[in-house]
Structures are given as structure tokens and as C-alpha cells.
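Sequence and predicted model, in that order:
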Amino acid sequence: MIELPKAPDAIELRHLRAFVAVAEELNFSRAAKRLFMTQPALSRQIQSLERLIGVELLRRSTRQVELTLAGEALLHRTRPMLGDLDQAVATTRSLGDEQRQRLASLTQPVVDTMDKGLDEFREAYEAMNAQLPTPEDVNARPVRSGGVPGLVYETEAGTAPTVLFVHGGGYFAGSAFGSRPLAGVLTSLTGRAFLVPDYRLAPEHPYPAAPEDVAAAYTWLATRTRPDRLVVVAESSGCGLLLAALRRVRHAGDPLPGRIVLLSPSVDLEARYLDQLDAGDPHAAVLREMVERSLPMYLDGHPATDPAVNPLHDDLTGLPAMLVQVGAQDFCLHDARELVARAREHGVDAQLELYPVVTHVFHHYWSFLPEAGRALQRAGDFINA
């Protein structure tokens, strides 16, 4: 019996997925976006696959990409194989409720520290973020922006940042380093460098420390790039801090950014969404406890209805185009809807996108949650529009 030659052991699924994406798009730029990676990284994977197989799969020119005969043969065999594999994985996940269990395994250790003190909570929050993947082509470098320490995430060394990213964490947790999975995937997806300031946290530094730091970082960034090219992105409580900082920028007469992206915005410091929670739901009880702890630490007696801290009471006139994304069962859905409605009342081009998920800031879980991948693709397109 004749034994046919086997594929080299070094060929991995990522090589085949990269090849199929380029073969279907016939465009490296579009394929890279589809795979949440940079074009140079995608080119390296294709070159590696061709080297391992020993044949040319694609003909490239400055104007077009074409499949060779060998490439057509590989695509014919590989596409259904990957489809079968994806279906098998999806079936397995649905049978075992893998996504729910995976989310619980990531978030439950954070929940368990709620009654153990602030330091333990912060440590657990950072540990959770550390378990999430960061695209391999993304690097970080330290920077001080307007006197505020932080990190720049980039795919090419020395790239000037044009996006400001404000992390969440309930005003008392989170960091620039802990933001690397979410800021990193957006960096890879857009090809832009992201600046993430390490703003001061409550209760050591209550209001107005955090929005002051965010405003300082924004002003520093705005002096180094055209305002129309500057984009600001925030998640969860970072959205409220960002809007408070932009209010300061607006009142100072400084230029505003070209676009705003808000992911699962938590902006209502009156926390009226708590009234809509099921009193018998244990998750609701945990959320209520966290909110009732965090807001007093941050506000430190400051009125929760002050437009300086609560954008739902502010005049939003003059803000640039805004994209808001939130899960259809996220506790922040009320905030997102009310914010978009208020922005539109004040003439802002505000879009609201709902996704069929329960998890707050579901974007963090892009590596295994399909809705997160789709949302980030939309956000990346909006940033680069």
C-alpha cells in the first residue's frame, strides 16, 4: 500500500485560516481586518505556509492578488475542512454551555473578593484581565501624557498615538496595563496606536482627579495630532469619565475629537438602573453592592446630578459623531439608551448598537464570543471612517 505524503507538522490552523481569508477576499487589507490582525502579520503567516508546503499559493502584485493552481487546490480542500471544524467546535460549546462557564470562570473570582477589601478586589480584577489574550503583533511602551503616566499600544514601534482609550473599573480599579486585551485588539484591528492613561483612582483620589487626568492626557494628545483624526474610546465607567473630561475640554475652548466610541457605557451616577433589577437575582445583589460602594468613593459628597459628572444632565451640543455599543441585557442598557437619546436631542450624530449578550463590556471576550468580534469590527470601521 502506497503511503501518501503527510502535511508538515508545523502547519497550524492559523496558517490555514489566514490563507482562506486572503483567498476569499483576494485582498490582504480586507483579510487582515477580518482576522483582527495587521497586514504585515498576515503576510508573514502566508509566507510561512508557502515555505512549509514548498509551493507558491498566491501571486501578488501592486494591483491584485490571484490564486495559483496550487492555491486553488488548497482552498478547495481547506474551506470545507475549516467549516466542519468550526461546526464541531460550535456544537461542542452549545452542548457544554462552554461560553457561559468560561465567562463565569473569569468573572467569579472578582465577585468573590467583593467583601474582602479594596486591594483584594483590584488584584482580582487585574488577574482577570491578565487571562484574556492580546494580539501577538501588539506592543506596549510607557509614556507620560500631560503629566499622567500611561501606556501606548502599537503594532509598529514609535507610532504616534491618535486614539485615547479610557478604561473602566468602577472608578476604583483598572489600569492601562490591564486594558491591553481590549485596547490591544482595537490597536491591531485599526492599525492605530492607542494611548491609555493611568488616571488616579478613588477612594485615594476622588472626583475631580480622574476626569482631570483624562482631560490632561487628551489635551496632550490633541497637540500632537489633527483634531479631526483624533478618536476617543472608553468602556464602562470610563465612558462617564471621558465625557466629563470632554466637557472640560469644550469649556476651555480646546478642539474636540473627530469621533467617540463608547462600549457598554456606565454614565448615570444616580444609578437609576438599579431600580430595574430583580431583587431576587443574586447577580443583581452583587451589582448593587458594588455600585453602592464605588459611587460614594468616587463622588466623595459631590452631587450625582451635577452635569460636570453626569452627562445625562449635561448639554452635549457640539460633541462629534458617537457610536455606542451595549448588550441587550446589560445593566447599562438604560444608560446607553438615555445617553444616545440626549445626544440626539442636542444635535449629536449618535448611533446605538445592541448585541444579543448579557455580559457587561462583552467586548473583552472577543477571543471566544462571536458577538464581541462583530462589535469590535464595527467599532474599528467607525474609528477609521
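Yep, it's here. Computed from a predicted structure; not experimentally measured.

all contacts plus neighbour counts: C-alpha atoms, from now on.
OK.

Centre of the chain to whichever strand or helix holds Arg14, how far?
Using DSSP states H and E, the element containing Arg14 is helix 13-25. How far helix 13-25 lies from its chain's middle: 24 Å, per CA atoms, centre = their mean, to the nearest Å.

And the contacts of it?
28, 31, 34-35, 42, 45-46, 48-49, 66-67, 71, 75, 78-79, 82 (CA atoms under 8 Å, 6 or more residues apart in numbering).

again, only this time at 7 Å
Residues outside helix 13-25 that contact it (CA atoms under 7 Å, 6 or more residues apart in numbering): Phe28, Ala31, Leu42, Gln45, Ile46, Leu49, Leu67, Leu75, Arg79.

got these as TSV, with secondary structure columns?
Shown next, in TSV, are the contacts of helix 13-25 (DSSP: H, G, I helix; E, B strand; the rest coil):
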residue	secondary structure
Phe28	helix
Ala31	helix
Leu42	helix
Gln45	helix
Ile46	helix
Leu49	helix
Leu67	strand
Leu75	helix
Arg79	helix
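
and which of these is nearest to Thr190?
Ala31 (12.8 Å; CA to CA).

Show me the strands in the stretch 151-300 of the chain, by range?
Here the stretch 151-300 of the chain has its strands, by DSSP state E, counting those that start in this stretch, at 161-166, 193-197, 231-235, 259-263.

So for the last one, mean pLDDT?
Spelled out, it's strand 259-263. In this model, strand 259-263 has a mean pLDDT of 98.

distance between that strand and the chain's centre?
10 Å.

Restrict that strand to CA atoms and write it as PDB.
Extracted in PDB, the C-alpha atoms of strand 259-263 (Å, rounded to 0.1, in the frame of the first residue of the first chain):
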ATOM      1  CA  ARG A 259     -15.300  60.600  16.800                       C
ATOM      2  CA  ILE A 260     -16.400  59.000  20.100                       C
ATOM      3  CA  VAL A 261     -16.800  55.300  20.700                       C
ATOM      4  CA  LEU A 262     -18.500  54.100  24.000                       C
ATOM      5  CA  LEU A 263     -18.600  50.400  24.900                       C
END
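
For it, which outside residues touch it?
231-236, 239, 320-326, 361, 383.

change it to 8 Å
For strand 259-263, using CA under 8 Å, 6+ apart, the contacting residues are 228, 230-236, 239, 320-326, 361, 363, 379, 383.

quick one: contacts for Leu57?
Glu50, Leu67, Thr68, Leu69, Ala70, Gly71, Glu72 are the contacts of Leu57 under CA under 8 Å, 6+ apart.

got a list of what the closest residue to it other than its chain neighbours touches?
Spatial nearest neighbour of Leu57, excluding adjacent residues (CA to CA, 6 or more residues apart in numbering): Gly71 at 4.1 Å. Gly71 is in contact with Ala23, Glu56, Leu57, Leu58, counting by CA under 8 Å, 6+ apart.

Filter the residues you listed down to the ones in strands?
Leu58 (DSSP state E).

which one among the contacts of Gly71 gets closest to Pro149?
Nearest to Pro149 among these, with distances taken as CA to CA, is Ala23, at 43.2 Å.

Surely Ala202 and Leu295 touch.
No - checked against CA atoms under 8 Å, the pair Ala202 and Leu295 is beyond contact range at 9.2 Å.

which residues are in contact with both of the two?
Tyr171.

Check which helices and strands the helix or strand of the chain with the lowest mean pLDDT sits against.
None of the helices or strands of the chain scores lower by mean pLDDT, DSSP states H and E than helix 98-111, at a mean of 78. Under the contact criterion of 3 or more CA pairs under 8 Å, 6 or more residues apart in numbering; DSSP states H and E, helix 98-111 touches helix 118-130.

Please list the outside residues in contact with the helix or strand just after the helix it packs on.
Downstream of helix 118-130, the next assigned helix or strand under DSSP H and E is strand 139-145. With contact meaning CA under 8 Å, 6+ apart, strand 139-145 is reached by 149-157, 197, 216-217, 220-221.

Neighbour-wise, which one of these leads?
Tyr153 (32 neighbours; other CA atoms under 10 Å).

from memory Arg250 sits against Leu256, does it?
Yes - counting by CA under 8 Å, Arg250 touches Leu256, with 6.8 Å between them.

Could you check which of these two has the larger neighbour count?
Neighbour count, other CA under 10 Å: between Arg250 and Leu256, Leu256 has more, with 22 against 16.

Leaving out the residues flanking it, which one is nearest to that one?
Pro227 (6.4 Å).

The one you found: neighbouring residues, count only.
17.

from what I can see it touches Pro257, true?
Yes - between Pro227 and Pro257 there is a contact at 5.1 Å, judged by CA under 8 Å.

so where's this protein uncertain?
Scanning the chain for pLDDT under 70 picks out the ranges 1-9, 90-98, 277-284.

how does it divide into domains?
13-96, 98-384 (automatic domain parsing).

Pick the most buried one from those domains.
Of all the domains of the chain, domain 98-384 carries the top mean neighbour count, a mean of 19, counting by mean count of other CA atoms under 10 Å.

Quick check, Val361 in contact with Gly238.
No - counting by CA under 8 Å, Gly238 is not a contact partner of Val361; they are 11.3 Å apart.

how about the helices in the stretch 151-300 of the chain?
180-190, 209-222, 237-251, 282-299 (DSSP state H, counting those that start in this stretch).

From the contact counts, what lies against the third one?
So that's helix 237-251. strand 161-166, helix 209-222.

returning to what we had before: is it possible to get TSV of the strands of the stretch 151-300 of the chain that adds distance to Leu132?
TSV is the format used below for the strands of the stretch 151-300 of the chain (distance: least, CA to CA, whole Å):
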stretch	distance to Leu132
strand 161-166	18
strand 193-197	17
strand 231-235	16
strand 259-263	17
